[in-house]
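> Generate a structure from the sequence data that follows.
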Amino acid sequence: VQFVESGGGLVQPGGSLRLSCAASGFTFSNYHMSWYRQAPGKERELVARIISFDSSTHYADSVKGRFTISRDNTKNSVYLQMNSLKPEDTAVYYCNAAGARAPYYGVNYWGKGTLVTVSS
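Have a look, this model is predicted:
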C-alpha cells in the first residue's frame, strides 16, 4: 500500500491550497477516504471524510464552509481544497483509507503526511 501526498506548503492567512493523495496497492473504491491533521502538541483530528459508496462528505466544525473533500475513483485519488486558511490550520495533514465493506472493515491505511503552514 502506498500513498503519494502532495500540495502542502507555506501560505498566507486567507490563502488557498489543494492537497492531493494518490493511492495504490488496494481497491480504492472499497474504502472511505479521509484527511486528518495533527498540529504541534495536539492530537491527530479528523478534518474531512468522503464515503465510499455515495461520496457523501463530513467535515470538522472548524473547517466547514472553507474546506472541500473530493475523490476520483478512476485515479485512486482524494483531494482536499482548503480556502480561507487560518494560522490555526497549520498542521501535518494525513491521508487515510478506512475499509467500507466486508472483508475490509477495520482496515486502516495512513499516508506519511504533508505539512501545511499558514503564516504571514
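> and S119, how many neighbours?
Neighbourhood size, S119 [other C-beta atoms under 10 Å]: 10. Backbone N, C-alpha and C define where each C-beta goes, glycine included.
> Stretch 72-79: which residues count as buried?
Going by neighbour count (16 or more other C-beta atoms under 10 Å), the buried part of stretch 72-79 is 76-79.
> Narrow those residues to those in strands?
Mapping those onto strands (DSSP state E) picks out 77-79.
> residues contacting the residue nearest to Y104 when sequence neighbours are not counted?
Leaving aside its sequence neighbours, Y104 sits nearest to N30 (C-beta to C-beta, 6 or more residues apart in numbering; 5.3 Å). If you count contacts by C-beta atoms under 8 Å, 6 or more residues apart in numbering, N30 has them with 52, 99-101, 104.
> mind listing the strands in this protein by residue range?
2-6, 9-11, 17-24, 31-38, 45-50, 57-59, 67-72, 77-82, 91-99, 108-110, 114-118.
> Neighbouring strands of the last one in the sheet, and parallel or not?
Read that as strand 114-118. As defined by DSSP bridges, the strand partners of strand 114-118 come to strand 9-11 (parallel), strand 91-99 (antiparallel).
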